[in-house]
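Participant: Sequence first, then the predicted structure, then my questions.
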Amino acid sequence: MKGSRSTFTGLAGLLVLLVLLILLNVLAGSWRLRVDTTAERLYTLSEGTRALLRDLPRDVTLKFYRTRDAAELPSAFKQYGQRIENLLAEYESASRGRLQLEVVDPKPDSDEEEWALRYGVLGQRMDPLGEGPAAFLGLVALAGARQSALPFFAPSDEPKLEYLVTRLVAEVSATNRTKLGVISALPV
């Protein structure tokens, strides 16, 4: 009787431990913890970008058009797309809710592909013969009636990726236009 009681207590403890581990896993899955361990801090937003995102004068929506599931895509293209998506998620979290990120996978002959083309996002053919469906890797920023696009992220743009995205966000979120004054002796 005593042996079965300790076995039951041990099984109950094991069951409680299992439930706690599952709960901890579910809770930890919703947290986004990222640490940049590179010497150059490649994956950390600069202070200027953080300041811009903190003080956005209006809400901005980023639509990231990224082809994901095409079998003919090179793995380097897929990894680059994931790197850009991670960077854009950093922008979203640093903006304190003023910037929303939408990731869109434009399938061939779909409404998403049509919208990407309307915004000026270009699809690139990945096969050597230039046939097959186009792969998209572009970004559109929308703020009120203003919009701007980066048609395609070339792999050579990776070192200046943060600059390109920050410039795009600043361009659409600006509330005033630059005024030009002319000083002349002639009547204007």
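Facilitator: Here it is on my side, so go on.

Participant: contacting residues around the residue positioned nearest the centre of the chain?
Facilitator: Compute the mean C-alpha point of the chain, and by C-alpha atoms, centre = their mean the closest residue is residue 88, 2.7 Å away. Contacts for residue 88 (C-beta atoms under 8 Å, 6 or more residues apart in numbering) come out as 62, 64, 101, 103, 139, 165. Placement of C-beta: from N, CA and C, glycine included.

Participant: same check, this time on residue 172
Facilitator: Residue 172 makes contact with 60, 141, 142, 143, 146, 147, 148 under the criterion C-beta under 8 Å, 6+ apart.

Participant: element containing it, please.
Facilitator: helix 161-173 (DSSP states H and E).

Participant: how about that helix: buried residues?
Facilitator: With burial defined by 16 or more other C-beta atoms under 10 Å, the residues of helix 161-173 counted as buried are 161, 162, 165, 166, 168, 169, 170, 172, 173.

Participant: Using the three-state scheme, assign the residue nearest to the centre of the chain.
Facilitator: Using DSSP: H, G, I helix; E, B strand; the rest coil, the structure places residue 88 in helix.

Participant: Find the nearest non-adjacent residue to it, please.
Facilitator: Leaving aside its sequence neighbours, residue 88 sits nearest to residue 101 (C-beta to C-beta, 6 or more residues apart in numbering; 5.2 Å).

Participant: okay, now that neighbour: neighbour count?
Facilitator: 18 (other C-beta atoms under 10 Å).

Participant: Assumed it was part of a helix.
Facilitator: No - Residue 101 is assigned strand when assessed by three-state DSSP, not a helix.

Participant: Enumerate every residue touching it.
Facilitator: 61, 62, 64, 88, 89, 91, 92.

Participant: my read: residue 80 touches residue 157, true?
Facilitator: No - if you go by C-beta atoms under 8 Å, residue 80 and residue 157 don't touch, sitting 9.6 Å apart.

Participant: ok, these two, which is more surrounded?
Facilitator: Each of residue 80 and residue 157 has its neighbours counted (other C-beta under 10 Å); residue 80 has more, 19 against 14.

Participant: Let me know the secondary structure of the more buried one.
Facilitator: From three-state DSSP, the assignment for residue 80 is helix.

Participant: Nearest spatial neighbour of it, chain-adjacent residues omitted?
Facilitator: Closest to residue 80 by C-beta to C-beta, 6+ apart is residue 155, at 5.9 Å.

Participant: now the helices: where do they sit in this structure?
Facilitator: Secondary structure of the chain by DSSP state H: the helices cover 2-30, 47-54, 75-94, 111-119, 161-173.

Participant: least reliable of these going by mean pLDDT?
Facilitator: Sorting the helices of the chain by mean pLDDT places helix 2-30 lowest, at a mean of 79.
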